[in-house]
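J.: With the sequence up front, the predicted model follows.
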Amino acid sequence: MAGVSDLDRHLARQARLVAVVIAVTVVAWLAGQWLGGRLGWQARYAFLFDLAALAAFFWALVVTFRVWYARRANGGPSDQGQSDLGQNNQSAAGQVAAKLHPAKSHPARQRPARQRAKPAAASHARAKQRPTN
């Protein structure tokens, strides 16, 4: 991977570690809950597994935030193949919305307004006027 700095490698390693911790936490928590149910452990041990899982998830959240903040402060990935969203002054959510709803993304592409449907009361009144046999 040419052009990747040491900081980018370090942040990628941290992100992989977060992914492994989350996966192992989920498996260990599920296994602990299942094992506790099979062996008839007290509820306080189940809560111990819950607290350990919450601590691991909190750690993963903090490290993920630190990786995100470090990449943002560093100007994004240094790999030339990846684009920086800040270059075109449009957020990621704006780009997704433009792809999903192209008519709303640019004023020149606006569709003409649809004619409003007649109110339900008007069609109901016409139905009352019909003769019944």
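T.: Looks like it came in fine.
J.: Look up how far residue 9 lies from residue 74.
T.: 12 Å (C-beta to C-beta, to the nearest Å). In short, each C-beta sits where N, CA and C put it, glycine included.
J.: so where is this protein shaky, pLDDT-wise?
T.: The model of the chain has pLDDT under 70 over residues 1-2, 76-133.
J.: Give me the number of neighbouring residues for residue 44.
T.: 7 (other C-beta atoms under 10 Å).
J.: That should have said residue 6, apologies.
T.: Neighbours of residue 6 under the rule other C-beta under 10 Å: 7.
J.: Same check on the one 10 residues further on?
T.: Using other C-beta under 10 Å, residue 16 is surrounded by 10 other residues.
J.: same deal with residue 46?
T.: Residue 46 is flanked by 15 other residues according to other C-beta under 10 Å.
J.: which element is it on?
T.: If you go by DSSP states H and E, residue 46 is part of helix 43-73.
J.: buried set for that helix?
T.: Within helix 43-73, the residues that qualify as buried are 49, 53, 56, 60, 67, 71, counting by 16 or more other C-beta atoms under 10 Å.
J.: how about stretch 26-39 as CSV, C-alpha atoms only?
T.: Taking C-alpha atoms only, stretch 26-39 is exported to CSV below (Å, rounded to 0.1, in the frame of the first residue of the first chain):
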residue,chain,number,x,y,z
VAL,A,26,-21.0,-10.5,21.4
VAL,A,27,-20.0,-14.2,21.3
ALA,A,28,-18.8,-14.2,24.9
TRP,A,29,-22.0,-12.5,26.1
LEU,A,30,-24.2,-14.9,24.3
ALA,A,31,-22.2,-17.9,25.5
GLY,A,32,-22.3,-16.6,29.1
GLN,A,33,-26.1,-16.1,29.0
TRP,A,34,-26.6,-19.6,27.5
LEU,A,35,-24.2,-21.3,29.9
GLY,A,36,-25.8,-19.5,32.9
GLY,A,37,-29.2,-20.6,31.8
ARG,A,38,-28.1,-24.2,31.3
LEU,A,39,-26.2,-24.4,34.6
